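Peer 1: For reference, the sequence and a predicted model appear below.
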Amino acid sequence: MNRFRLPYHLLVAEGIFTRVNEVMSDCVPGIGRKKAIIVTDRTLQGLFGDTLSDLRQDFHNSELYLVEEGTFDQAVDLAKYICMHDIAVVIGFGGGMVLDLAKYAAFVSKAVFLCLPTTLSNDSLASPVAVLGTEGQKRKTFQCTIPSSIIVDVNLIMGAPEGQLLAGVGDTISKYTALNDWKLDAAATGNSIDDFAYMISKMAFNSICYNEEKSIKSKSFIKVLTQALVMGGLAMEIAGNSRPSSGAEHLFCHSLEENFADQVYVPHGIAVAMGSVPACIFQKRNIGKLKRLLHEYALPVKPSQWKITEDMFVEAWQLAKKTRPDRYTILDTADLSRTALCEIYSEMEQEF
Ligand SMILES: [Zn+2]
């Protein structure tokens, strides 16, 4: 059975970054006196200089570390620095790249990791994995652990670009097909489903699917989206793998990244939401529910909008299985002929 741990805190409040030390002191006594390192990057330092100096005042014994590139090598170098300087607390302040690097460095150095996202673009803020660049520029997913705490300042997220929040919505919507692929895997291969992880991931999807507040910049929506993304991360931690959040739609996203990175860039959450449409058609399920959701949130999932041509679309789907050959999904049995894929492409071009 997989052993998992849960974060001490999930706090979503206004102005919470001035009280991180105080809210953490119940689970890490004397945290404010411990050596801390605040990991961010130069752009964020420029945008959130005041917040960062508040944080540094809150943690008297802290220093700032600026990420230059989200690579495995830099994460290991940072871990070494943390160990050599007896740093006990790592505070990740930023988006996916900064948080993944800080998370991995904290994991290797066994430091407490506090996750302070500046945007909500995917479920990496609470996931037990870090995606880092490796030699040859291919990004690789490394297993680590979920953060000790996730602390979200609503006001700060309200200032994040709308496209980044839409990507977070897209990553959550994609669980619709990911969860079904998990069931198909269990039926075809006999692999078991972790019921509790399945339920939490389904709750994450439902919270976005049946939420009446569709104004993504409202405070109440930001709370719902944070909780949905955190639930997505917890489901992976409990299952001990990414099955609750990742099916054929994620393989399509990986295929775009691996085969067309020099031609197109689609944010992770948007690419997986785009991939969930064909995946849902392959799975022969209720596509109306998925389309309604994508329209309600006005998610930009039209392939040509992201410069994905019909040829790229076909090839990306035909190569998707190869990005994760060990993972059973609907791609193992779907009709991936050019004719079938071209038909889906033109349907998506008309519908979105
Ligand atoms: Zn994802």
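Peer 2: Sure, I can see it.
Peer 1: Could you point out the helix or strand that follows the lowest-mean-pLDDT helix or strand in the chain?
Peer 2: Within the chain, no helix or strand scores below strand 139-143, which has a mean of 86 by mean pLDDT, DSSP states H and E. Counting by DSSP states H and E, the element after strand 139-143 in chain order, helix or strand, is strand 149-153.
Peer 1: Tell me how this protein divides into domains.
Peer 2: Split into domains by automatic domain parsing, the chain comes to 9-160, 163-351.
Peer 1: Identify whichever of those lies nearest to residue 2.
Peer 2: domain 163-351 (3.3 Å; C-beta to C-beta). Yep, even glycine has a C-beta here, placed from its N, CA and C like the rest.
Peer 1: Quick one: mean pLDDT for the closest one?
Peer 2: Averaging pLDDT along domain 163-351 gives 96.
Peer 1: List just the one of the domains of the chain that sits closest to residue 3.
Peer 2: Of all the domains of the chain, it is domain 163-351 that lies closest to residue 3, at 8.2 Å by C-beta to C-beta.
Peer 1: Who are the contact partners of residue 42?
Peer 2: Listed by C-beta atoms under 8 Å, 6 or more residues apart in numbering, the contact partners of residue 42 are residue 66.
Peer 1: One more: residue 213?
Peer 2: Contacts for residue 213 (C-beta under 8 Å, 6+ apart) come out as 220, 221, 224.
Peer 1: May I ask which helix or strand encompasses the first one?
Peer 2: To tie it back to what came earlier, the one meant is residue 220. Per DSSP H and E: residue 220 is located in helix 219-239.
Peer 1: helices or strands next to that helix in the packing?
Peer 2: Contacts defined by 3 or more C-beta pairs under 8 Å, 6 or more residues apart in numbering; DSSP states H and E place helix 219-239 against strand 9-13, strand 149-153, helix 154-158, helix 162-173, helix 195-209.
Peer 1: Please name the strands paired to the second one in the sheet, noting orientation.
Peer 2: Pairing partners of strand 149-153, with direction, according to DSSP bridges: strand 9-13 (parallel), strand 112-117 (parallel).
Peer 1: just these: most buried one?
Peer 2: Highest mean neighbour count among those (mean count of other C-beta atoms under 10 Å): strand 112-117, with a mean of 26.
Peer 1: So what touches that strand?
Peer 2: So strand 112-117 is contacted by 17, 20, 24, 28, 31, 55, 88-95, 99, 102-103, 106-107, 125-126, 147-153, 157 (C-beta under 8 Å, 6+ apart).
Peer 1: What segments of the stretch 251-352 of the chain are helices?
Peer 2: 268-282, 287-296, 310-320, 338-351 (DSSP state H, counting those that start in this stretch).
Peer 1: Pull out the buried positions in the last one.
Peer 2: Right, the one you point to is helix 338-351. 340, 341, 344, 345, 348 (16 or more other C-beta atoms under 10 Å).
Peer 1: Same check on stretch 289-299?
Peer 2: Neighbour counts over stretch 289-299 (16+ other C-beta under 10 Å) mark 290, 291, 293, 294, 297, 299 as buried.
Peer 1: shaky segments in the stretch 1-150 of the chain?
Peer 2: Within the stretch 1-150 of the chain, the segments meeting pLDDT under 70 span 1, 136-137.
Peer 1: Let me have the domains of the chain in TSV, adding distance to residue 2 as columns.
Peer 2: As requested, those are arranged in TSV below (distance: least, C-beta to C-beta, whole Å):
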stretch	distance to residue 2
domain 9-160	10
domain 163-351	3
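Peer 1: What is the nearest of the contacts of residue 213 to residue 161?
Peer 2: For the contacts of residue 213, the closest approach to residue 161 (C-beta to C-beta) belongs to residue 221, at 15.1 Å.
Peer 1: The closest one and residue 207 touch, don't they?
Peer 2: No. Between residue 221 and residue 207 there is no contact under C-beta atoms under 8 Å: 10.5 Å.
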